[in-house]
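K.L.:
Sequence and computational prediction follow.
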Amino acid sequence: QKEVEQNSGPLSVPEGAIASLNCTYSDQGSQSFFWYRQYSGKSPELIMFIYSNGDKEDGRFTAQLNKASQYVSLLIRDSQPSDSATYLCAVTVTFMNTGFQKLVFGTGTRLLVSP
Amino acid sequence: GAVVSQHPSRVICKSGTSVKIECRSLDFQATTMFWYRQFPKQSLMLMATSNEGSKATYEQGVEKDKFLINHASLTLSTLTVTSAHPEDSSFYICSARGGGAGYTFGSGTRLTVV
């Protein structure tokens, strides 16, 4: 089982609609969850992070976390063509023996917003 | 905000030669540096993790003798791809963590081995 799973897409939505991106993870001990946006040929850029169960809103973006279901999602309201990109879910995984953390990425979901 | 400078952004090298990629944290101390590789249409795969002054920890399947990582100071980490071959052509990205800055990514290096 992969540590972080996402639907590769593409997810196509019309301009102005809500885009819903989903992610599941396997490590029950994961504490931090991140959403990154990556344009082709560029490095990922952080959209938002969430640590606690529930919703976290930042502008047009809302992250939702459900640790019991090991599920994290990202909602993009009023989607714009400029939002078209690959969205990467990332989760911290902790090494039990050292307590050290690393950031593991899902395969990403490609979002296409049509004008 | 926290900035990580990664150089070069693009490099083309001949098969069999070595290439060094450099990442510097400009305004914070990077206690941990992560190196990722990304092939076309795939996600970022963690190659190795390095803590300042310690040997790097490599992910399973990553050759430590081929991908040399040095993290000699709190602001500089380097990845050297030794005896590069065409299959090493990829997008290499560093990410630094430290000083409450979370995970800050470099701009990436596109390596092409011909």
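P.N.:
Thanks, I have it.
K.L.:
Can you report how many residues lie near residue B:40?
P.N.:
9 (other Cβ atoms under 10 Å in any protein chain shown). C-beta: built from backbone N, CA, C; applies to glycine.
K.L.:
quick check, it in a helix?
P.N.:
No: looking at residue B:40 with DSSP: H, G, I helix; E, B strand; the rest coil, it is coil, so not inside a helix.
K.L.:
next one: phi and psi at it?
P.N.:
phi -50, psi 130 (degrees, to the nearest 10).
K.L.:
how much space between it and residue A:40?
P.N.:
9 Å (Cβ to Cβ, to the nearest Å).
K.L.:
so where do the helices sit in chain A?
P.N.:
For chain A, applying DSSP state H gives no helices.
K.L.:
By residue count, which strand of it is the longest?
P.N.:
Taking DSSP state E as the criterion, chain A has its longest strand at strand A:85-94.
K.L.:
So which residues make contact with it?
P.N.:
By Cβ atoms under 8 Å, 6 or more residues apart in numbering or on different chains, the residues outside strand A:85-94 that reach it are A:3-4, A:6, A:21, A:23, A:25, A:27, A:29-40, A:44, A:47, A:72, A:74, A:100-106, A:108-111, B:43-44, B:103.
K.L.:
what's the worst-scoring helix or strand of chain A on mean pLDDT packed up against?
P.N.:
The helix or strand of chain A with the poorest confidence is strand A:101-105; it has a mean of 88 (mean pLDDT, DSSP states H and E). With contacts taken as 3 or more Cβ pairs under 8 Å, 6 or more residues apart in numbering or on different chains; DSSP states H and E, strand A:101-105 sits against strand A:85-94, strand B:32-38, strand B:45-51.
K.L.:
if we go to 6 Å?
P.N.:
Packed against strand A:101-105 by the contact rule (3 or more Cβ pairs under 6 Å, 6 or more residues apart in numbering or on different chains; DSSP states H and E) you find strand A:85-94.
K.L.:
partner strands of the strand it packs on, parallel or antiparallel?
P.N.:
strand A:33-38 (antiparallel), strand A:101-105 (antiparallel), strand A:109-114 (antiparallel) (DSSP bridges).
K.L.:
and the angle from it to strand B:45-51?
P.N.:
50 degrees (axes from the mean of the first three to the mean of the last three Cα atoms, to 10 degrees).
K.L.:
buried sites along strand A:85-94?
P.N.:
By neighbour count on 16 or more other Cβ atoms under 10 Å in any protein chain shown, the buried set for strand A:85-94 is A:85-93.
K.L.:
got any ranges where chain A has weak pLDDT?
P.N.:
Within chain A, the stretches with pLDDT under 70 are A:1-2.
K.L.:
quick revisit: send over the longest strand of chain A as CSV, restricted to the C-alpha atoms.
P.N.:
Taking Å, rounded to 0.1, in the frame of the first residue of the first chain, the C-alpha atoms of strand A:85-94 are listed here in CSV:
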residue,chain,number,x,y,z
ALA,A,85,-2.0,22.6,-12.2
THR,A,86,-1.1,19.3,-10.4
TYR,A,87,-2.0,19.3,-6.7
LEU,A,88,0.2,17.3,-4.4
CYS,A,89,-0.8,16.0,-1.1
ALA,A,90,2.1,15.5,1.4
VAL,A,91,2.1,13.8,4.8
THR,A,92,4.7,13.7,7.4
VAL,A,93,5.9,10.2,8.3
THR,A,94,7.8,9.6,11.5
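K.L.:
Now do it: distance to the chain's middle.
P.N.:
The chain centroid and the centroid of strand A:85-94 are separated by 6 Å under Cα atoms, centre = their mean, to the nearest Å.
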